[in-house]
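Chemist: 3D, please:
(one chain, ligands or ions: 1)
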Amino acid sequence: MRVYLSADIEGMAGITAWEEGRKSHPDYGEFRRRMTAEVAAACEGASAAGATAITVKDAHGTARNLLAEELPRPTRLIRGWSGHPFGMVQELDESYDACLFVGYHARAGAGGNPLAHTMSSMKVAEVRINDEPVSEYRIHAWAAELVGVPVAFVSGDRTLCEEVARVQPATRTFATKWGEGASQHSLHPVEAREGIRTTVTEALTGDVAAARLPLPNRFVLEVDLKSHAAAYHKSFYPGAKQAGPHSVRLETDDYFEVLRALLFLI
Ligand SMILES: [Zn+2]
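Modeler: Numbering: from 1, shown residues only. As a prediction, the model looks like this:
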């Protein structure tokens, strides 16, 4: 079984403030190790379920957070960003049997995590597809669907896990924490890792194929940018239109075009 794991940091147990995920801040080391440990736990859970190949995409910020020495073999790690529209699932293809998303978080506009955002906390107020606000989970689960790979497992904050349960109940989730205002109530890091490890094993030994997220036939993408000047500028992207002072809209029946647009609109 070939497994692809995409890892973010804002859904890891405990992390509460932006600077804790920023390389230049003294607290970053603690949360980089926490991120590595949760990813390692997911890899161990996958191996226990029979995974023979595990590709890990570091998908936070610089994409140079995970400590490769501390991941179990036979993990292969993708660091940095290629610039491919698949973004957080870069290099995912038909050869994989399942995806795992670890450390994912609530979408922009949702609350439930002081670090809720979609793609860019600095630039984006909300991303909607077909009138529904979407998270990074949804954007990348549909990318995975383009190559026919189910998202078998998602961990992160409780608000995200509730979104996943609503749109694809066959995807197993594990909530590490919940947020209230600027605060975060978190599981003990060891408990979070144990939960991730065992839930990943259960997910990969269950009905993985049921966890595919069907793609709509048509997409109306709307990105609300925090800067009205940016919305004006980005509205000149081919096929895009300005839909309001802060809003850019693009309609297509090809989801790859949505991913390509997100790369340039944000
Ligand atoms: Zn993120």
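
Chemist: Which residue ranges of the chain form strands?
Modeler: 2-7, 53-58, 76-78, 98-104, 124-129, 132-133, 151-157, 172-180, 183-186, 219-225, 240-244, 247-252 (DSSP state E).

Chemist: packing partners for the third one?
Modeler: Secondary structure elements in contact with strand 76-78, counted by 3 or more CB pairs under 8 Å, 6 or more residues apart in numbering; DSSP states H and E, are strand 53-58. In short, each C-beta sits where N, CA and C put it, glycine included.

Chemist: on contacts alone, who are the packing partners of the strand it packs on?
Modeler: By 3+ CB pairs under 8 Å, 6+ apart, strand 53-58 packs against strand 2-7, helix 28-48, strand 76-78.

Chemist: in the first one, what counts as buried?
Modeler: Neighbour counts over strand 2-7 (16 or more other CB atoms under 10 Å) mark Val3, Tyr4, Leu5, Ser6, Ala7 as buried.

Chemist: and the closest residue to the ion within the stretch 1-150 of the chain, how many neighbours?
Modeler: The ion sits closest to Asp8 of the stretch 1-150 of the chain, with a gap of 4.3 Å, by CB to the ion. Using other CB atoms under 10 Å, the number of residues around Asp8 comes to 26.

Chemist: That one - nearest residue in space that isn't next to it in sequence?
Modeler: Nearest non-adjacent residue to Asp8, counting by CB to CB, 6 or more residues apart in numbering: Gly103, 4.5 Å away.

Chemist: For that neighbour, which residues are in contact?
Modeler: The contact partners of Gly103, by CB atoms under 8 Å, 6 or more residues apart in numbering, come to Ala7, Asp8, Ile9, Glu10, Gly11, Met12, Met35, Glu38, Val39, His60, Ser155, Gly156.

Chemist: do Val164 as well
Modeler: Tyr137, Val154, Thr171, Thr173.

Chemist: The second one and Leu160 touch, don't they?
Modeler: Spelled out, it's Val154. Yes: counting by CB atoms under 8 Å, Val154 touches Leu160, with 6.9 Å between them.

Chemist: For the stretch 101-250 of the chain, list the residues in contact with the ion, please.
Modeler: Neighbours of the ion within the stretch 101-250 of the chain, by CB under 5 Å from the ion: Glu136.

Chemist: 8 Å instead?
Modeler: With CB under 8 Å from the ion as the criterion, the stretch 101-250 of the chain meets the ion at residues Tyr104, His105, His117, Thr118, Met119, Glu136.

Chemist: Just the buried residues of those residues.
Modeler: With burial judged by 16+ other CB under 10 Å, the buried subset of those is Tyr104, His105, His117, Thr118, Met119, Glu136.

Chemist: The second one is in contact with Val154, isn't it?
Modeler: Read that as His105. No: using CB under 8 Å, His105 is not in contact with Val154; the gap is 10.4 Å.

Chemist: Now, the residues of the stretch 101-250 of the chain next to the ion that are in helices?
Modeler: Applying DSSP state H to these, the entries found in helices are Glu136.

Chemist: which two in the residues of the stretch 101-250 of the chain next to the ion are spaced the farthest apart?
Modeler: Greatest spatial distance in those: Tyr104 and Met119, 12.4 Å, computed using CB to CB.
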